[in-house]
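Asker: give me a 3D structure for the following:
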Amino acid sequence: LSLLVATMQTAISDIAREQAETIVPKGELSLVLDSHLPSQVAVLMLQLLTTRTVEDCLHKMRTDKSIVLTTSKRLAGMLEELVEAVTQGPTDAVHRMLSANLVAVMMHGREAFEEFTKNKVTSSRDFG
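Answerer: Model prediction:
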């Protein structure tokens, strides 16, 4: 049983690494939604996409005055895309549950970004 668990952990890790190299650089949520990823990997990819979007915003804040608004719109668009996947996507229970979980994760990411802007966070060093 221990060998099976270790093998499964390695497989999930390999899938996550491969998908992170493919999905995150492109920054496209549709790649997460259109794929048949294990649920844990899909959630991780969404978290990576959200984190990357917010990090990009933090890095550009000093030079691009409209980046906060642009990032807020991007996160809202991602949330709308996820909600649409729940309401208009495949009707199988597993896919709908995954989509609903992705919506919850995305809402948390968007709320965190709103807190950053409310608290005037301008750098990743503000978390130290």
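
Asker: from residue 24, how far out is the spatially most central residue of the chain?
Answerer: In the chain, the C-alpha nearest the mean C-alpha coordinate belongs to residue 46, at 2.0 Å (CA atoms, centre = their mean). Going from residue 46 to residue 24 by CB to CB, to the nearest Å gives 10 Å. For glycine as for every other residue, the C-beta is placed from the backbone atoms N, C-alpha and C.

Asker: doesn't residue 30 make contact with the residue nearest to the centre of the chain?
Answerer: No. Counting by CB atoms under 8 Å, residue 46 does not reach residue 30; the two are 11.8 Å apart.

Asker: next secondary structure after the helix or strand of the chain with the lowest mean pLDDT?
Answerer: Least confident helix or strand, the chain: helix 30-33 with a mean of 81, by mean pLDDT, DSSP states H and E. Next helix or strand after helix 30-33 toward the C-terminus (DSSP states H and E): helix 39-60.
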